[in-house]
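Chemist: I'll drop the sequence and a predicted model, then ask my questions.
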Amino acid sequence: MSEHGLKNKLDSITSETLAPLAAGVLGVDAVEVIDWQYEAIKGGIGQFYEMGLFLWQGRAIVDNQLRPWTLMLKITRSDASYYSNDPSSWKYWDREALAYQSGLLDDLPGRLAAPRCFGVDHFPNKEIWIWMEAISTESTGAWPLSRYGVAARHLGQFNGAYLSGRSLPSHSWLSHGRIEEWLVKASGVIPRLHDYQGHPLIEMWFANDMAERTIKIWSRRQELLDGIAKLPRTLCHHDAFRRNLIAATDQNNQDITFAVDWAVLGTGAIGEEIATTFSVTLQFLDCDAQDVELLDKFIYEGYLAGLRDAGWSGKSELVRFGFTASAALFMALGGAGAWLPALMDEKEVQEIEDYLGHPIEKVVHQWSMMQAYLLNLADEALELQGVIA
């Protein structure tokens, strides 16, 4: 759908359509919506594809009183270039709507929460509108490192519940993460990494001996995949990095973490969840790579504490292996394979700068520091393999 056609569709929304949604937000049976407006939310990856996120705000009459309401609308389409029509793919277009409709996100274990869903609209052109709770934005974008530990603990409580008695769902549309799909994508890049040498950005990224080390880990990727396959399985968000996590407090002023964008929800190995929390947060420059060791410490220790909160009492080495192996495979190999060719294209370089909000030299410097640390994690994972056996 063209941008003009979508605007016409959004502009045609009536008070009758919005009334039950606003009532859900306000926690009442019925309201009379009297006015509203919407705006596109920029800054997400959807701005580069045929999908969108919109904030709706308005006023409604409830018991003769005027009350404000706010909603978030997420639009996905099966023909958007970002998505896949394959339910087994990590980017299956219909997954988030199905997750909400299944009830899986209604009552998450621990102190992890999902925005409430107030309605899902299906259109004949395989377009879906998900009307969700608009979580209040945080006062600052940057988190102290300790807050990553809190979020990781909440993720551990969520994962740990499915390792300690809660039944693991088996819906056919659940993902299995994206490590293997990203490795397939990287298969045409990493083995011939030296072919990219000579380009200044590539030289900056794979400084010193990192190209050789990356290729070496590539040659042992199956060992790490085999180890991950032996780990306990749980339910994972699979995209719980900084930009998809919102720090909040409940009515008792206790910390909770809202996770948004559940489009990759699926099964995963213990420790795999925080591989994304760690590596994608660094990839997007939401935490300075100068703090990479502390970020690792806070996230890993917080996650392990969350697993213990949920009643899981297995070996901590299993968690450490799941985290280190997944992070290395996912980002040091898969992420490098996905992003490296983009650096050869001026248009894609501009998109990276626009999306991440930093000049490309700063981005690649961060990625280089991250790559070095991820390769260290790969070495650590290989040393831990005996624990898995």
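Modeler: Alright, I've got the coordinates. Fair warning: this is a prediction, and the values are worked out from it, not measured in the lab.

Chemist: element containing the residue nearest in space to the middle of the chain, please.
Modeler: Nearest to the mean C-alpha position of the chain, by C-alpha atoms, centre = their mean, lies Asp239 at 1.9 Å. Assigned by DSSP states H and E, Asp239 falls within no helix or strand.

Chemist: that one and His122: what is the separation?
Modeler: Here Asp239 is placed at a distance of 23 Å from His122 (C-beta to C-beta, to the nearest Å). For every residue, glycine as well, the C-beta is placed using N, CA and C.

Chemist: who touches the residue nearest to the centre of the chain in this structure?
Modeler: By C-beta atoms under 8 Å, 6 or more residues apart in numbering, the residues touching Asp239 are 261-264, 276, 280.

Chemist: could you export those residues as CSV, including pLDDT and secondary structure?
Modeler: Conversion of the contacts of Asp239 to CSV gives the following (pLDDT from 0 to 100; DSSP: H, G, I helix; E, B strand; the rest coil):
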residue, pLDDT, secondary structure
Asp261, 94, coil
Trp262, 97, coil
Ala263, 95, coil
Val264, 97, coil
Thr276, 98, helix
Val280, 97, helix
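
Chemist: and the residues you listed, which is closest to Leu329?
Modeler: Thr276 (11.8 Å; C-beta to C-beta).

Chemist: which one of the contacts of Asp239 is nearest Leu340?
Modeler: Closest approach to Leu340 among the contacts of Asp239 (C-beta to C-beta): Val280, at 16.3 Å.

Chemist: check contacts around the nearest residue to that closest one once chain neighbours are set aside.
Modeler: Nearest non-adjacent residue to Val280, counting by C-beta to C-beta, 6 or more residues apart in numbering: Phe241, 3.7 Å away. By C-beta under 8 Å, 6+ apart, the contact set of Phe241 is 276-277, 279-281, 284, 286.

Chemist: in this structure, where's the longest helix?
Modeler: The residue-count maximum for a helix in the chain (DSSP state H) belongs to helix 360-388.

Chemist: what's the average pLDDT for it?
Modeler: For helix 360-388, mean pLDDT rounds to 95.

Chemist: show me how far that helix is from its chain's centre.
Modeler: Chain-centre distance of helix 360-388: 19 Å, with C-alpha atoms, centre = their mean, to the nearest Å.

Chemist: if we can go back for a sec, pLDDT at the residue nearest to Val280, what is it?
Modeler: pLDDT, Phe241: 97.

Chemist: distance of it from Pro232?
Modeler: 23 Å.

Chemist: do Val292 as well
Modeler: Val292 is 27 Å from Pro232, by C-beta to C-beta.

Chemist: more crowded one of the two?
Modeler: The neighbour count for Val292 versus Pro232, taken as other C-beta atoms under 10 Å, is higher for Val292 (19 against 16).

Chemist: the more buried one falls within a helix, correct?
Modeler: Yes - applying DSSP: H, G, I helix; E, B strand; the rest coil, one finds Val292 inside a helix.

Chemist: pretty sure it contacts Leu374?
Modeler: No - between Val292 and Leu374 there is no contact under C-beta atoms under 8 Å: 9.2 Å.

Chemist: ok, Glu293 - contacts?
Modeler: Counting by C-beta under 8 Å, 6+ apart, the residues that Glu293 touches are Tyr373.

Chemist: and it, how far is that from Leu245?
Modeler: Look at Glu293 and Leu245: by C-beta to C-beta, they are 21 Å apart.

Chemist: following element in sequence after the least confident helix or strand in the chain by mean pLDDT, please.
Modeler: Least confident helix or strand of the chain, by mean pLDDT, DSSP states H and E, is helix 3-11 with a mean of 81. Once the chain leaves helix 3-11, the next helix or strand it forms, by DSSP H and E, is helix 15-26.

Chemist: give the next helix or strand downstream of that following helix.
Modeler: Scanning forward in sequence from helix 15-26 by DSSP H and E, the next helix or strand is strand 32-40.

Chemist: Provide the strand pairings for that following strand, with the direction of each partner.
Modeler: strand 52-62 (antiparallel) (DSSP bridges).

Chemist: outside of the strand it pairs with, which residues touch it?
Modeler: Contacts of strand 52-62 (C-beta under 8 Å, 6+ apart): 6, 10, 18-19, 22-23, 26, 28, 31-41, 44, 46, 66-75, 134.

Chemist: give me the buried subset of the residues you listed.
Modeler: Neighbour counting by 16 or more other C-beta atoms under 10 Å classes 6, 10, 18, 22-23, 31, 33, 36, 38, 41, 44, 46, 69, 71-75, 134 among the contacts of strand 52-62 as buried.
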